[in-house]
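K.L.:
Fold the following for me, if possible:
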Amino acid sequence: MSKLGKLPVAIPAGVTVTIADNVVTVKGPKGELKQNYSDNVNVAVNGSEIIVTRTNETKQSNADHGLYRTLIRNMVVGVTDGFSKTLIITGVGYRAEVQGKYLVLNLGFSSDFYAVIPEGLAVVADPSGKVTVSGIDKQKVGEFSAQIRKLRKPEPYKGKGIRYENEVIRRKVGKTGVK
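P.N.:
Residues are numbered from 1 along each chain as shown. As a prediction, this is how the structure comes out:
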């Protein structure tokens, strides 16, 4: 039995959950999210809880049990609180700014990077080098943040690059002047 899958998902006040044709729809104060689910699981609303159960005892069904319970939980959290990731840009002359639907990044290359901000996400770029990506879909927030970080990964000698706010970069000692 999946440890996470058997836990019910609490539905907070102001959130409505509808289930029809293997699609879970969650509406809340911040928006609406939809998720298809497999035939290996059953999803039911029981009062103020969402309960995910398996239809059979196969290995795939066990994997789907925990997966869809977590996806539904992320949808409920997304429409109530939302998700955000903060990136730190470190380096001389490195900067980011939002211009309309684009995030413009100057990362020490000969030309700037223009990243198109996906629909449903909000991006805020501070002059101090912080970029905050927020939205109601956890997967979109994480994917866009990873794409930005991939443009200039942090390097271990000086720490220059783009890193997550809570990420720790293991620093290396450079060459010594021994002859």
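
K.L.:
Contact partners for the residue nearest to residue 73 when sequence neighbours are not counted?
P.N.:
Once flanking residues are discounted, residue 73 sits nearest to residue 9: 4.8 Å by C-beta to C-beta, 6 or more residues apart in numbering. All C-beta atoms are positioned from the backbone trio N, CA, C, and that covers glycine. Neighbour list for residue 9: 49-52, 69, 72-73, 76 [criterion: C-beta atoms under 8 Å, 6 or more residues apart in numbering].

K.L.:
Weed out the non-buried ones from those.
P.N.:
Buried subset of the contacts of residue 9 (neighbour count, 16 or more other C-beta atoms under 10 Å): 50-52, 69, 72-73, 76.

K.L.:
which among these gets closest to residue 152?
P.N.:
Nearest to residue 152 among the buried ones among the contacts of residue 9: residue 73, at 33.1 Å, using C-beta to C-beta.

K.L.:
I'd assumed the closest one was in a helix, is it?
P.N.:
Yes. Residue state for residue 73 (DSSP: H, G, I helix; E, B strand; the rest coil) corresponds to a helix.

K.L.:
got a list of contacts for the longest strand along the chain?
P.N.:
What stands out as the longest strand in the chain, according to DSSP state E, is strand 83-90. The contact list for strand 83-90 (C-beta under 8 Å, 6+ apart) reads 74, 77, 95-96, 105, 107, 129-138, 141-142, 145, 148-149, 154, 159-165.

K.L.:
Just the ones of those residues in strands?
P.N.:
95-96, 105, 130-135, 161-164.

K.L.:
quick one: low-confidence ranges for the protein?
P.N.:
Scanning the chain with the threshold set as pLDDT under 70 gives 1-2, 177-179.

K.L.:
So which residue is dead centre in it?
P.N.:
For the chain, the residue nearest the mean C-alpha position is residue 142 (2.9 Å; C-alpha atoms, centre = their mean).

K.L.:
ok, so of the contacts of residue 9, who is nearest residue 169?
P.N.:
Ranked by distance to residue 169 (C-beta to C-beta), those are led by residue 73 at 30.9 Å.

K.L.:
For residue 18, name its beta-bridge partners.
P.N.:
Assessed by DSSP bridges, residue 18 has beta-bridge partners residue 25.
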